[in-house]
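Peer 1: Return a 3D structure for these sequence lines:
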Amino acid sequence: MRLSLLSLHVFSRLPHLRFYSPHLRRLYRMEDRKVVVTHDEESMTVGLSFRFQHCNVDRTFNLKRSSEEGLSSVLTRISGNIQKVLDKKKKRNEDPAPVVPIDIKTHAGESVNKDMSCYECFVAQADHHFLDIGEKSYSLDVNPPIVKVLELPKNIMAGFPLHPSKLEMTNGVNEDSSFTWYKSDVKFNSIEETKSQMNKIKWVEMATGYTCFTDNDDVGRLLKVVMSPRRGERCGEDTEAIASVLVSAGPGLCPFERRHKVTKKPTGQNCLRVISYNILADQYADSEFARSNLFPSCPSYAIDVDYRKQLLIKEILGYNGDLICLQEVDEKVFMHGLQGALRKEGLEGVYAAKGGTVTEGVALFYRLTKLRLLETQRFILSKELQSSVLFAEIWKQIQCSEDLKEKVVSRFTCLQVSVLESTENPKQLVVVGVTHLYFSPEADHIRLLQAGIGLQILQQVMALYQNKYPEKEVSMLFAGDFNSTPEFDVYRLMTSQMASFDDIDWSDKENERVSGVSFSHDLELASACGCPPYTNYTKDFYGCLDYIYYQTDKFSVKQVRICSQILSIFLTCFFLFLFLHNCFTRL
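Peer 2: So this is what the prediction gives:
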């Protein structure tokens, strides 16, 4: 199998996600007269929501009642709420609005016993009941798919993929649901101008599907999306979200679009294209230090998550990758951005968060036409060190230094291990490790410890699958941000099969010094991208920190293409882009 790889590291970071309240409303279809009933087994309440139209009143009523409340009391509350609205609508000199009769009836038209509970009437026996309000009957729809949150980005650029920035749904499935995108028929100079014109806008359908693409003609237009939540054949009420910003002009030709010229075509048979990319967790950039030191020349709007997500998704999709290894992935960015956008393009993803309260981690996306996921696991390296028999002797030595022990156990670095089977040749398995090692400049000893633990875990997984499937060939890739330049021991361990704490310069950390810690392996590993001058470039540092390690007896490099990118509005950073092809063949 042939393998091509890309390794990227963007060294800016994103600010905290800030979601602005969208214009969101549920669209009750006039022909669907029903009460939406919400209830879960642990809840002691029943939610009721319905659209009421009578004379000059058109309003949605929402109630939440105790499950044990009597039906008579619930109907009285519904009647009272409706009557208040009707009375407010009447003119001052008019007589009070006539009382609208309300009742619960069976399919045979008979009134039900009012002594039953709210739960019994609206949930347990919902299929047998109708809610009559005046002359209209409402069916009871229990726990249909419901959109709870639907938001669009606060930055929408022409020429870039657009999808909901946040989506939360109950009782529904994203893949079953449908999305319809609309744009205003006229253009505006500012979002404030739309507020007085909202009722006059004519909405023009522009696309369907989770992702929508805009063009330069859309600049200045207002967009909205209407989502129809579904689960199988079950359909909920349509919900719309109107953007809080107008479509703006994009940044022009992005540098990655030039790189896309060499990845226009998907890979052929028995070939994989692999990408490793530190996409930078936005939680680390929302500080004065980050703005002043990490990306001082980058405008604030260009590091905003809604701006960067659009560029990232367009860039990643343009590489036509088969294996995409990502680091510093915010959980919210994975859930409400990458997962949906890449899934629509045939890429499924798995996410592994770091330990503790950290809300970022690593992710792996794989192309479904190429690979089938057999298993994925998340390992917190410090936990494995303390609990696994594999590392009992090493842990014993680490405890000789209380300072080192404290520093090691306080790190929540994770390793994601995924085992994938080739769909073209099921006899080929690939064990893929993705990690992001500790960053501190003085922590080369901790990074060696983490790399050694991670490598042994990968070897153990390989051995388990080789024993389980002796007729299959099991190979390994280890990708990520190793935060270590080639002159240090992490690279030496990977490429020379051995590294020891005895080789480390302890002069600046004598209190953490221990002996008797070493790692070795028998894998033939090399960096697929070699050792370029840098994959990370900031004001105070540049160097090669990112690698895709591969087995040289299973893979052979075909091509390396190196491009550099200056700090700009395109990527908000300065980073090295690496592109290469590898052959993945049985030798």
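Peer 1: if I look at residue 448, how far off is residue 109?
Peer 2: Going from residue 448 to residue 109 by CB to CB, to the nearest Å gives 79 Å. Heads up, the C-betas are built off the backbone N, CA and C, glycines and all.
Peer 1: Who has more neighbours out of the two?
Peer 2: residue 448 (26 against 9; other CB atoms under 10 Å).
Peer 1: count of neighbours near the spatially closest residue to residue 509 that is not a sequence neighbour?
Peer 2: Of all residues not flanking residue 509 in the chain, residue 442 sits nearest, at 6.0 Å (CB to CB, 6 or more residues apart in numbering). Residues lying near residue 442 (other CB under 10 Å) number 10.
Peer 1: and residue 442, helix, strand or coil?
Peer 2: Residue 442 falls in the coil class when you classify it by DSSP: H, G, I helix; E, B strand; the rest coil.
Peer 1: Quick check: which element contains residue 349?
Peer 2: strand 347-353 (DSSP states H and E).
Peer 1: Neighbouring strands of that strand in the sheet, and parallel or not?
Peer 2: strand 360-367 (antiparallel) (DSSP bridges).
Peer 1: Could you give me the buried positions within stretch 416-431?
Peer 2: 416-422, 428-431 (16 or more other CB atoms under 10 Å).
Peer 1: Geometric centre of the chain: which residue is closest?
Peer 2: Computing the C-alpha centroid of the chain and ranking residues by CA atoms, centre = their mean puts residue 334 first, at 1.2 Å.
Peer 1: Tell me who's in contact with that one.
Peer 2: Residue 334 makes contacts with 349, 351, 363, as judged by CB atoms under 8 Å, 6 or more residues apart in numbering.
Peer 1: what's the pLDDT at the second one?
Peer 2: Same thing as residue 351. Listed pLDDT for residue 351 reads 98.
Peer 1: now swap in residue 448 and tell me
Peer 2: At residue 448, pLDDT is 97.
Peer 1: For it, pull up the helix or strand it's in.
Peer 2: helix 444-468.
Peer 1: Would you tell me what the next helix or strand after that helix is?
Peer 2: strand 473-481.
Peer 1: What strands flank that next one, and is each parallel or antiparallel?
Peer 2: strand 428-436 (parallel), strand 546-551 (antiparallel).
Peer 1: List the buried residues of that strand.
Peer 2: So for strand 473-481, counting by 16+ other CB under 10 Å, buried means 473-481.
Peer 1: want to throw the residues you listed into JSON lines with distance to residue 121 and pLDDT?
Peer 2: Shown next, in JSON lines, are the buried residues of strand 473-481 (distance: CB to CB, whole Å; pLDDT from 0 to 100):
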{"residue": "473", "distance to residue 121": "62", "pLDDT": "95"}
{"residue": "474", "distance to residue 121": "59", "pLDDT": "96"}
{"residue": "475", "distance to residue 121": "61", "pLDDT": "96"}
{"residue": "476", "distance to residue 121": "60", "pLDDT": "96"}
{"residue": "477", "distance to residue 121": "58", "pLDDT": "96"}
{"residue": "478", "distance to residue 121": "59", "pLDDT": "97"}
{"residue": "479", "distance to residue 121": "57", "pLDDT": "96"}
{"residue": "480", "distance to residue 121": "56", "pLDDT": "96"}
{"residue": "481", "distance to residue 121": "57", "pLDDT": "96"}
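Peer 1: one step back: give me the buried subset of the contacts of residue 334.
Peer 2: Listed as buried from these are 349, 351, 363; burial here means 16+ other CB under 10 Å.
Peer 1: quick one: the helix holding residue 448 to strand 546-551, angle?
Peer 2: Relative orientation of helix 444-468 versus strand 546-551 (axes from the mean of the first three to the mean of the last three CA atoms, to 10 degrees): 40 degrees.
Peer 1: can you pull the contacts of residue 107?
Peer 2: Taking CB under 8 Å, 6+ apart as the test, what residue 107 contacts is 128, 130.
Peer 1: okay, now residue 556: neighbour count?
Peer 2: For residue 556, using other CB under 10 Å, the count is 15.
Peer 1: The strands paired with strand 473-481 into TSV, with extra columns for mean pLDDT and distance to residue 532?
Peer 2: Formatted as TSV, those follow (pLDDT from 0 to 100; distance: least, CB to CB, whole Å):
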stretch	mean pLDDT	distance to residue 532
strand 428-436	97	19
strand 546-551	94	9
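Peer 1: Dump these into a markdown table; add distance to residue 208 as well.
Peer 2: Output for those, formatted as a markdown table (distance: least, CB to CB, whole Å):
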| stretch | distance to residue 208 |
| --- | --- |
| strand 428-436 | 34 |
| strand 546-551 | 37 |
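Peer 1: ok, back up a step: by neighbour count, which bits of the strand holding residue 349 are buried? Give me those.
Peer 2: So for strand 347-353, counting by 16+ other CB under 10 Å, buried means 347, 349-353.
Peer 1: With stretch 40-58 instead?
Peer 2: Quick answer for stretch 40-58 (16+ other CB under 10 Å): 45-52, 54.
Peer 1: could you redo those as a markdown table and give each row distance to residue 367, secondary structure and pLDDT?
Peer 2: Below are the buried residues of stretch 40-58 laid out as a markdown table (distance: CB to CB, whole Å; DSSP: H, G, I helix; E, B strand; the rest coil; pLDDT from 0 to 100):
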| residue | distance to residue 367 | secondary structure | pLDDT |
| --- | --- | --- | --- |
| 45 | 44 | strand | 95 |
| 46 | 45 | strand | 96 |
| 47 | 41 | strand | 95 |
| 48 | 45 | strand | 96 |
| 49 | 41 | strand | 94 |
| 50 | 45 | strand | 94 |
| 51 | 44 | strand | 92 |
| 52 | 50 | strand | 92 |
| 54 | 54 | strand | 83 |
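Peer 1: Nearest to residue 249 among the residues you listed?
Peer 2: residue 51 (39.7 Å; CB to CB).
Peer 1: Give me the pLDDT for residue 26.
Peer 2: 64.
Peer 1: circling back: would you format the buried residues of strand 473-481 as JSON lines with distance to residue 359 included?
Peer 2: Formatted as JSON lines, the buried residues of strand 473-481 follow (distance: CB to CB, whole Å):
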{"residue": "473", "distance to residue 359": "38"}
{"residue": "474", "distance to residue 359": "33"}
{"residue": "475", "distance to residue 359": "32"}
{"residue": "476", "distance to residue 359": "29"}
{"residue": "477", "distance to residue 359": "26"}
{"residue": "478", "distance to residue 359": "24"}
{"residue": "479", "distance to residue 359": "22"}
{"residue": "480", "distance to residue 359": "18"}
{"residue": "481", "distance to residue 359": "17"}
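Peer 1: Of those, which is the nearest to residue 219?
Peer 2: Nearest member of the buried residues of strand 473-481 to residue 219, counting by CB to CB, is residue 481, at 36.2 Å.
Peer 1: can you map out the helices along the protein?
Peer 2: 71-89, 118-119, 191-195, 255-259, 288-289, 305-318, 331-333, 339-343, 381-387, 392-398, 402-409, 444-468, 489-496 (DSSP state H).
Peer 1: Any idea what the residue nearest to residue 138 when sequence neighbours are not counted is bridged to?
Peer 2: Distance criterion CB to CB, 6+ apart; nearest residue to residue 138, sequence neighbours excluded, is residue 131 at 4.3 Å. Going by DSSP bridges, residue 131 is paired in beta bridges with residue 104, residue 138.
Peer 1: what do you get for residue 498?
Peer 2: Applying DSSP bridges, one finds that residue 498 bridges with residue 520.
Peer 1: What count of nearby residues applies to it?
Peer 2: For residue 498, using other CB under 10 Å, the count is 12.
Peer 1: For residue 181, give its distance to residue 48.
Peer 2: For residue 181, the distance to residue 48 - CB to CB - is 31 Å.
Peer 1: And for residue 197?
Peer 2: Taking CB to CB, one finds residue 197 at 35 Å from residue 48.
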